[in-house]
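In: how does the following fold in three dimensions:
(one chain, ligands or ions: 1)
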Amino acid sequence: MESMAGRVAVVTGAASGIGRALALGFAGQGANVVLADIEEAPLREAETEVAARGVEAIGAVTDVTDADSVGALAQATIDRFGAVHMVCNNAGVGGGGLVRNQQLVDWKWVVDVCLWGVIHGVHHFLPHLIQAEESHIMSTASVAGLMSVPGLGPYNAAKYGVVAIMETLHLEMTRDPDADVGVSVLCPGVVRTNIATAQRNRPAELRRERRRRPENEAASDTADARRRNANIAAALERGMDPAEVAAKVIEAMYERRFWVLSHPELLADVNHRNRQLADLENPTLRSSFADGGE
Ligand SMILES: NC(=O)c1ccc[n+]([C@@H]2O[C@H](COP(=O)([O-])OP(=O)(O)OC[C@H]3O[C@@H](n4cnc5c(N)ncnc54)[C@H](O)[C@@H]3O)[C@@H](O)[C@H]2O)c1
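Out: Numbers count the residues shown, from 1 in each chain. Below is the predicted model:
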């Protein structure tokens, strides 16, 4: 992409973390920004912060799990600006726990936000991106979309799906003579955001059911979950600054690069997985992921 100045960017999950940094990053390039998020109060703060950079900023309360809500976001963007040039399907939630302990509501919530959120974004924005003269779409997956991390079953499944959608779209767009749409997938390692408290956005109807289980079994699972959550929270605290991740995404959009890895050193783990696949060996983890973080 030649320039982002005066163009229009849409970012979901823009009230916090990587999304907020992306919105500020686009504003820094002179782009107008539509910020979408389910959490209204931090969304309004982010909108004010972006507008202070001298561009137009619009905050739109949006639930990416709801097709109509994302459709309304696309329409509001077109109504206001007449076009859209950069889209980041970034909203996501992280839920941990062993597959054996997952309830169906755990799968549903994470897949609804992390996978269906991206599907809705691609569905509603792609026609407008194809119409624009030069445009780019990015979705946020994770390193967990390139290798499976224990304790993150629903998240791994959703993020592999996001990588698959974006890879497919990239191949299709490069063969489509009517489209000038760049495609990227962001696969971050650990980034310092609010994802450890993602449960704050979990809808009431998808709350976990409390089950009666033998006391010693329940206590041991609770202790495991607490230990895992504490490890994740500590790792996030030491994680990369989201502004650094946003800068990498923006650079990739200028250069039309598909893969955006915040922590390329994690390719050693991904390549370990891919080598095992090539050799048809059973999966094992390299030591850096052995404790089940992200
Ligand atoms: N932080 C990390 O270490 C890390 C690593 C890999 C991938 N990611 C991915 O990065 C993306 C951004 O997450 P983050 O780390 O900045 O977390 P975050 O919690 O700081 O931000 C996520 C934002 O998404 C919003 N959101 C949640 N559910 C929503 C919904 N249904 N509709 C609209 N918005 C919704 C939240 O309100 C929040 O503002 C996610 O897709 C996440 O899976 C994060």
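In: what ranges does the stretch 51-200 of the chain have for its helices?
Out: Using DSSP state H, counting those that start in this stretch, the helices of the stretch 51-200 of the chain run over 67-81, 104-111, 117-131, 153-174.
In: wondering if the shortest one reaches the ligand at all.
Out: No. Interface with the ligand: helix 104-111 contributes nothing (C-beta under 6 Å from any ligand atom), its closest point being 9.0 Å away. Glycine gets a C-beta too; all of them are placed from N, C-alpha and C.
In: list the helices and strands that helix packs on?
Out: Secondary-structure packing of helix 104-111 (3 or more C-beta pairs under 8 Å, 6 or more residues apart in numbering; DSSP states H and E): helix 153-174.
In: rewinding a little: let's have the helices of the stretch 51-200 of the chain in CSV, adding mean pLDDT and mean neighbour count.
Out: Shown next, in CSV, are those (pLDDT from 0 to 100; neighbours: other C-beta atoms under 10 Å):
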stretch, mean pLDDT, mean neighbour count
helix 67-81, 98, 17
helix 104-111, 97, 18
helix 117-131, 98, 20
helix 153-174, 98, 20
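In: buried residues, stretch 81-90. List them.
Out: Phe81, Val84, His85, Met86, Val87, Cys88, Asn89, Asn90 (16 or more other C-beta atoms under 10 Å).
In: alongside the ligand, which residues does the stretch 1-150 of the chain contribute?
Out: Counting by C-beta under 6 Å from any ligand atom, the stretch 1-150 of the chain sits next to the ligand at 12-13, 15-19, 37-39, 62-65, 90-94, 113-114, 140, 142.
In: just the buried residues from those, in ChimeraX please.
Out: To isolate the buried subset of these in ChimeraX, counting by 16+ other C-beta under 10 Å, use the following:
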select :12,13,15,16,17,18,19,37,38,39,62,63,64,65,90,91,92,93,94,113,114,140,142
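In: among the residues of the stretch 1-150 of the chain next to the ligand, which ones are in strands?
Out: Counted as lying in strands by DSSP state E, out of these, are Thr12, Asp37, Thr140.
In: what are the bridge partners for the first one, then?
Out: On DSSP bridges, the residues paired with Thr12 through beta bridges are Ala36.
In: show me what contacts it?
Out: Thr12 sits next to 19, 36-37, 62, 64, 70, 73, 88-91, 117, 121 when contact means C-beta atoms under 8 Å, 6 or more residues apart in numbering.
In: residues contacting Val163?
Out: Ala141, Gly145, Leu146, Val185, Cys187.
In: how much space between the third one and Trp116?
Out: In this case it means Leu146. Leu146 sits at a distance of 20 Å from Trp116 (criterion: C-beta to C-beta, to the nearest Å).
In: who's more crowded, the two?
Out: Leu146 (22 against 19; other C-beta atoms under 10 Å).
In: that one: what's it in contact with?
Out: Contacts of Leu146 by C-beta under 8 Å, 6+ apart are Tyr160, Val163, Cys187, Val270, Arg273.
In: and if we set it to 10 Å?
Out: Shown in contact with Leu146 (C-beta atoms under 10 Å, 6 or more residues apart in numbering): 156, 159-160, 163, 185, 187, 259, 261, 266-267, 269-271, 273-274.
In: still on that earlier bit, distance to His128 for the buried residues of stretch 81-90 - can I get that in TSV?
Out: As requested, the buried residues of stretch 81-90 are exported to TSV (distance: C-beta to C-beta, whole Å):
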residue	distance to His128
Phe81	10
Val84	5
His85	9
Met86	11
Val87	8
Cys88	14
Asn89	14
Asn90	18
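In: farthest-separated two in those?
Out: Phe81 and Asn90 (19.2 Å; C-beta to C-beta).
In: follow-up on the earlier one: if burial is judged by neighbour count, which of the contacts of Leu146 pass?
Out: Using 16+ other C-beta under 10 Å, the buried members of the contacts of Leu146 are 156, 159-160, 163, 185, 187, 259, 261, 266-267, 269-270, 273.
In: nothing else from me, thank you.
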